[in-house]
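Engineer: I'll drop the sequence and a predicted model, then ask my questions.
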Amino acid sequence: LPPIIFGAGYTLKEKNFFKNIGYITLFGLLGTLISMVVMSIFVIIFNDMIYPLGSPQRLTISECLLLSSVLCATDTVAALSIVKESEYPTLNSILFGEGVVNDAVAILIFKAVEKMIENGHSGEASQDIINTKGVDIGGSEIGQAVLDFFVLTISSLGVGIGIGLLSAFVLKHVKSLQHHPVLEIFLILLFGYSSYLLAELLKLSGIMTLFF
C-alpha cells in the first residue's frame, strides 16, 4: 500500500486536486464521517434484530463500531476505470482525490474508535453509557474520539509536510544529486517511506502522511 499511495501522490496533478479541494473534502471527509455514523446505526440495529442476547455470533457495540469504521471506506478503483481522465478530467480528479482522502480518513476513524474503546476499558464511564460486555462507551469517550480524530489528522499532515519540506531542501541544495539520478530517486523513495514509518511509530496515519 505505501508505494501505491506514494506513487499516486507523486504523480498527482496539484492544479486539478486543489481546484476541486471543496468537493474532495466534502465527499472524502464529511461523507466518510456521515457514512460511518449511518453504517454504525444500521450494523447495531441489524445485529440486535438478527442475533439475540447470548448468541455467540452477536457482535458487541465495540465490534460494530470497528466494523463500521472499516466499511465506511469506499473503493473508487472501478469508478476511475470508467471515468477516464482524458474524457472527464474534473470528475476523475474528484474521484481520485476523494478515494485517497477517504481511505486516510477511514484509517483515522478506526484508530480513533480503537482508542475510544481502550479508554472505555480503562476509564470511568459517564452517565449516558452504552455497556458492551465490560466496555463502557459514553459521551466523554465519544467526545474524546472526535478530538483524537482531529489531532491524528493535523499531526499526520504536519509530519508529512515537515518531511516533504526537508526532502525538498535536500534535493534543491545538494547539487551533486543532479549528476546521480539513481541516488536522487533513492532519496525520494527513502524520504517518502521514512514519513510513513515515522507516522506509524507515532501511531498516526502513515497513509495520509505519505500522500500529503
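Structural biologist: Noted; the coordinates are in hand.

Engineer: how about low-confidence regions in the chain?
Structural biologist: Applying pLDDT under 70 to the chain picks out residues 1, 8, 76-78, 80, 119-142, 145.

Engineer: gap between the two ends of stretch 47-66?
Structural biologist: Using C-alpha to C-alpha, to the nearest Å, the end-to-end distance of stretch 47-66 comes to 14 Å.

Engineer: so which bits of it are buried?
Structural biologist: Asn47, Leu59, Thr60, Ile61, Ser62, Glu63, Cys64, Leu65, Leu66 (16 or more other C-beta atoms under 10 Å). All C-beta atoms are positioned from the backbone trio N, CA, C, and that covers glycine.

Engineer: and if you look at stretch 184-202?
Structural biologist: When burial is assessed from 16+ other C-beta under 10 Å, stretch 184-202 yields the following buried residues: Glu184, Leu187, Ile188, Phe191, Gly192, Ser195, Tyr196, Leu198, Ala199.

Engineer: so of those residues, which ones are in helices?
Structural biologist: With helices taken from DSSP state H, the overlap with these comprises Glu184, Leu187, Ile188, Phe191, Gly192, Ser195, Tyr196, Leu198, Ala199.

Engineer: nearest spatial neighbour of the fourth one, skipping sequence neighbours?
Structural biologist: Distance criterion C-beta to C-beta, 6 or more residues apart in numbering; nearest residue to Phe191, sequence neighbours excluded, is Ser167 at 3.9 Å.

Engineer: now the residue most central in space within the chain: closest residue in space that isn't a chain neighbour?
Structural biologist: Residue closest to the average C-alpha location in the chain (C-alpha atoms, centre = their mean): Ala104, at 1.8 Å. Counting by C-beta to C-beta, 6+ apart, Ala104 lies nearest to Met208, which is 3.7 Å off, once chain neighbours are set aside.
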